[in-house]
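Chemist: got a sequence here, can you model it:
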Amino acid sequence: MSLTIKLHVFSTPNLRTIKQTHLASGFSTKFRPKPIYHFDPLIKIVYNKPTMQASVIQTAVKSSLIEPDGGVLVDLVVPESERAAKVLEAERLPNVRLTKIDLEWVHVISEGWASPLRGFMREDEYLHSLHFNSLRLKNGSVVNMSLPIVLAIDDETKERIGSSTNVGLVGPNGDLVAILRSIEIYKHNKEERIARTWGTTAPGLPYAEEAITPAGNWLIGGDLEVLQPIKYNDGLDHYRLSPKQLRKEFDRRQADAVFAFQLRNPVHNGHALLMNDTRKRLLEMGYKNPILLLHPLGGFTKADDVPLDVRMEQHSKVLEDGILDPETTIVAIFPSPMHYAGPTEVQWHAKARINGGSNFYIVGRDPAGMGHPTEKRDLYDPDHGKKVLSMAPGLEKLNILPFRVAAYDTVQKKMAFFDPSRAKDFVFISGTKMRTYARTGENPPDGFMCPGGWNVLVKYYESLQKEEEASQQPAVLSS
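Modeler: Numbering: from 1, shown residues only. Here you go, the predicted model:
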């Protein structure tokens, strides 16, 4: 695998960022990597011979030295000592009912994944995000914000709020979740929002049909005060590490590089090949303890995606079977909903990992993409995601790691990097094909996925089949 770091590997702006980070901890940065003139992923870095002895990262760089956007990690959960008073206040306010996806966004904002955002967007923030994929701060600096994070309300709720400047937010189960302060209500132009986010208004966009089209005609923005940490009580909350918790864990492990890998599918051996090879290349660059953040998306996904609980069980088997090293891997859930908005959304995924403490981000083919909802083609160019990340405003301090495509090598009987010179020896096993294998009980080729992980998927699809068969059986009437 080859390595391409953002701005063509340690170009002047990125080298300055890295130099400042190392100097802040007292590290020498007297090395000058050779430029890379092609866009090949993860190419081996070779340093120019310096005129004097070079010192290449002799001590660990704490990942917490990677500043969150805006300089301060946002934490909007009310201190426990103030909680009772805030709850009493919230009970007296007009309330807004949240959907499940709205609650996921409250979770995201409250923990600082969207730093420096401190609540649902007011109109100026919304327009800046929608049209410029960024937010401009008071000091004139720009942070990336490619997806509008907004809360929709209907006419009845708007009328009930009246002239109130604050509202209480009520979760799907009827419990008080937060207070939204200094509110602003403005028009929700759904067509414009969908068109600018996805580049199409074609029917069949999963997030749009779930969260935008049926939503109210108004958006309400304001500053959040979240009454207590968001919990789902689904047996997976211990995986939902906040940016603050992740940064603390990276420091505990003395990580000098953290590379994040996002996915919404089960991990196969091709994914593992990419992640393990990335760590190897970072070691070759001079880093001493690179840590992998395996960070599956845990919010809304489309109906045919593998559910989160099944994916987390499968991921745990990947570590148990030794495909990934538990000593150098952290598995955590990223609580964001999924948009399937391609190059627009992948910027959000990368930006959030900055706030989570990662200084490297792995990006592959067609990140956050999907098939066109009405035509037999990809909705986005599969190479545009990694290209957009290399030029997106506000992501300059993040090192982007594109990778080559991995496929099943029928000669070596394992997942390997695709070699165009012997293309006929490779088989591409898509997510759809993988799910078909599991549904039909057919095993994939040996070496495609660890046996423990594969068994998790087979059991899941067997349970679906049994449920489907049971639902199709006619009811038996007793006399």
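Chemist: lowest-confidence helix or strand of the chain?
Modeler: Ranked by mean pLDDT, DSSP states H and E, the weakest helix or strand in the chain is helix 12-24, scoring a mean of 37.
Chemist: buried residues, the very next helix or strand once past it. List them.
Modeler: Toward the C-terminus, helix 12-24 is succeeded by helix 80-91 as the next helix or strand (DSSP states H and E). Along helix 80-91, these residues count as buried under the neighbour rule (16 or more other C-beta atoms under 10 Å): Lys86, Ala90. All C-beta spots, glycine's among them, are computed from the backbone N, C-alpha and C.
Chemist: got the buried residues for the longest helix seen in the chain?
Modeler: Using DSSP state H to define each element, the chain has its longest helix at helix 451-472. Residues of helix 451-472 classed as buried by neighbour count (16+ other C-beta under 10 Å): Gly452, Gly453, Trp454, Val456, Leu457, Val458, Tyr460, Tyr461.
Chemist: so Gln262 is in contact with Leu292, correct?
Modeler: No. If you go by C-beta atoms under 8 Å, Gln262 and Leu292 don't touch, sitting 11.8 Å apart.
Chemist: who has more neighbours, these two?
Modeler: The neighbour comparison of Gln262 against Leu292 (other C-beta atoms under 10 Å) goes to Leu292, with 25 against 22.
Chemist: shaky segments in the stretch 1-150 of the chain?
Modeler: For the stretch 1-150 of the chain, the stretches flagged by pLDDT under 70 are 1-65.
Chemist: circling back to that earlier point, nearest to Glu80 among the buried residues of helix 451-472?
Modeler: Of all the buried residues of helix 451-472, Glu80 sits closest to Val456, with 37.8 Å by C-beta to C-beta.
Chemist: check contacts around the closest one.
Modeler: Taking C-beta atoms under 8 Å, 6 or more residues apart in numbering, we find Val456 in contact with Pro266, Val310, Glu313, Gln314, Lys317.
Chemist: give me the buried subset of those.
Modeler: Pro266, Val310, Glu313, Gln314, Lys317.
Chemist: what's the farthest-apart pair in those residues?
Modeler: Using C-beta to C-beta for every pair in the buried ones among the contacts of Val456, the one that comes out farthest apart is Val310 and Lys317, at 10.9 Å.
Chemist: now name the helix or strand holding the closest residue to Phe426 other than its chain neighbours.
Modeler: Distances taken as C-beta to C-beta, 6 or more residues apart in numbering put Ala407 closest to Phe426, at 4.2 Å, once the chain neighbours are dropped. Assigned by DSSP H and E, Ala407 falls within strand 406-409.
Chemist: output that strand as PDB - backbone C-alpha positions only.
Modeler: Taking Å, rounded to 0.1, in the frame of the first residue of the first chain, the C-alpha atoms of strand 406-409 are listed here in PDB:
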ATOM      1  CA  ALA A 406      -8.000  -4.700  -1.800                       C
ATOM      2  CA  ALA A 407      -9.600  -7.700  -3.400                       C
ATOM      3  CA  TYR A 408      -9.600 -11.500  -3.100                       C
ATOM      4  CA  ASP A 409      -6.500 -13.000  -4.700                       C
END
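Chemist: which helices and strands does the very next helix or strand once past that strand pack with?
Modeler: Once strand 406-409 ends, the next helix or strand along the chain (criterion: DSSP H and E) is strand 414-417. If you count contacts as 3 or more C-beta pairs under 8 Å, 6 or more residues apart in numbering; DSSP states H and E, strand 414-417 packs onto helix 269-285, strand 406-409.
Chemist: quick one: secondary structure of Val346?
Modeler: Per DSSP: H, G, I helix; E, B strand; the rest coil, the local secondary structure of Val346 is helix.
Chemist: do I have it right that Glu91 meets Gly168?
Modeler: Yes. Look at Glu91 against Gly168 with C-beta under 8 Å: they come within range, at 7.0 Å.
Chemist: now for the two: what residues contact both?
Modeler: By C-beta under 8 Å, 6+ apart, Glu91 and Gly168 have these common neighbours: Leu176.
Chemist: thinking again about what came up before, between the helices and strands packed on strand 414-417, which gets nearest to Asp378?
Modeler: Across the helices and strands packed on strand 414-417, Asp378 has its closest neighbour in strand 406-409 (17.4 Å, C-beta to C-beta).
Chemist: contacting residues around the closest one?
Modeler: So strand 406-409 is contacted by 270-271, 273-274, 414-418, 425-429, 445, 447-448 (C-beta under 8 Å, 6+ apart).
Chemist: just the ones of the contacts of Val456 in helices?
Modeler: Val310, Glu313, Gln314, Lys317.
Chemist: tell me which residues touch the residue positioned nearest the centre of the chain, please.
Modeler: Nearest residue to the geometric centre of the chain (C-alpha atoms, centre = their mean): His349, 3.9 Å. By C-beta under 8 Å, 6+ apart, the contact set of His349 is Gln262, Phe334, Ser336, Tyr361, Pro367, Ala368.
Chemist: which one of these has the most neighbours?
Modeler: Comparing the contacts of His349 on neighbour count, Tyr361 comes out first with 28 neighbours (neighbours: other C-beta under 10 Å).
Chemist: for it, what are phi and psi?
Modeler: For Tyr361, the backbone dihedrals (degrees, to the nearest 10) come out as phi -130, psi 120.
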